[in-house]
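Enquirer: using only what follows, build the 3D model:
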Amino acid sequence: MKKNLLIIGLVMLLCIVISACGSGNSSNGNKEKAAEETTRTYQSPRGKVDIPTHPKRIVTDFYAGELFTVGANVVGSGSWSFSNPFLKDRMKDVTDLGDPINVEKVMKLKPDLIVVMNDENYDKLSKIAPTVVIPYNTAKNVQETVKMFGDIAGAKEEAEQFLADFEQKSKSARKKIAQVVDKKATFGIYENTEKGQFWVFNDNGGRGGQAVYNALGLKAPEKIQKDIFKKGDIKELSLEVVPEYAADYMFVTDYNPNGDSKTLDKLKQSSIWKNLDAVKNNRVFINDFDTFYPYDPISVSKQVDLITEMLVKREKENK
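Expert: Numbers count the residues shown, from 1 in each chain. Coordinates of the predicted model:
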């Protein structure tokens, strides 16, 4: 009898030990699974990077606007984003990290993700937090941009909502413009600099290109489409060839950082400029650099509004 009781006791003890071990393994397994779920592998242009699934504190050099688009929390940014008028309210609590961004300042912010265009300090930054490099012009339009940063920030729903709202806005703006602009009219985007250089731009170089060509669906002259769009580039023009790249409507960004350049006045006084159809028909728009330089989705969305208002107002004035 005593022997049977001893055997029963040993069996019960063994069951308890096995149960405890199983529970421990399950607990360890749950912890490992949880760890896996908090990070994921992102395929960046520099290769695979393990990043937070839902990053909480992001530092960037040039992509503050793109990250704000999908509701990400940006705690530090390069200096140039602070001059963007469309991000002014959002940048109030963001630390200015300089240009290029200061590694020591980045470290103090304790980010859990770093997203940069410039990779010169990649090795140092990647020791602070997972670092994703997105080279300039990786995304070709608003749609690609929003999806990419929605993926990086773990904000797919926010990205989808922004794109839905953006498409609705663009559709409404296209209808307004169609009421005042001939459907065969051409549109060009240019920039005059403080040094007297005159550039023509493509659809993805800032200066309102995304708004004009992609969101609003307006067409560039064939010369621009052939020489600029297909090459994905911008081009400096001598005054003599400006008429070859002129459009029915011309948006000219005035780059005059110190406010003392007279090159735009000189351009306007030239006979070549005065003889352009866009000038004769009062369809030239001189635009502020800070307002039309940005190309993040938030800025493009605002530029859609501005350009639509400009075109509608000008056509009413020209009647």
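Enquirer: can you give me the helices for the stretch 101-250 of the chain?
Expert: 103-109, 122-126, 142-152, 156-178, 209, 222-224, 242-245 (DSSP state H, counting those that start in this stretch).
Enquirer: deepest of these, which one?
Expert: Highest mean neighbour count of the helices of the stretch 101-250 of the chain: helix 209, a mean of 25 (counted as mean count of other CB atoms under 10 Å). The C-beta positions use only the backbone N, C-alpha and C, and glycine is treated the same way.
Enquirer: just the mean pLDDT for that helix, thanks.
Expert: Averaging pLDDT along helix 209 yields 94.
Enquirer: now distance to Met91 too, for the helices of the stretch 101-250 of the chain, in JSON lines please.
Expert: Output for the helices of the stretch 101-250 of the chain, formatted as JSON lines (distance: least, CB to CB, whole Å):
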{"stretch": "helix 103-109", "distance to Met91": "14"}
{"stretch": "helix 122-126", "distance to Met91": "21"}
{"stretch": "helix 142-152", "distance to Met91": "17"}
{"stretch": "helix 156-178", "distance to Met91": "19"}
{"stretch": "helix 209", "distance to Met91": "23"}
{"stretch": "helix 222-224", "distance to Met91": "34"}
{"stretch": "helix 242-245", "distance to Met91": "36"}
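Enquirer: out of those helices, flag the one nearest Lys195.
Expert: helix 242-245 (16.2 Å; CB to CB).
Enquirer: please read off the pLDDT at Asn25 from the model.
Expert: 53.
Enquirer: and if you look at the one 5 residues further on?
Expert: For Asn30, the pLDDT comes out at 50.
Enquirer: now Asn118
Expert: For Asn118, pLDDT reads 89.
Enquirer: so what's the residue count around it?
Expert: 15 (other CB atoms under 10 Å).
Enquirer: surely it touches Phe62?
Expert: Yes. Counting by CB atoms under 8 Å, Asn118 touches Phe62, with 7.5 Å between them.
Enquirer: hang on, the earlier thing: and the helices of the stretch 101-250 of the chain: which comes nearest Gly196?
Expert: helix 242-245 (12.6 Å).
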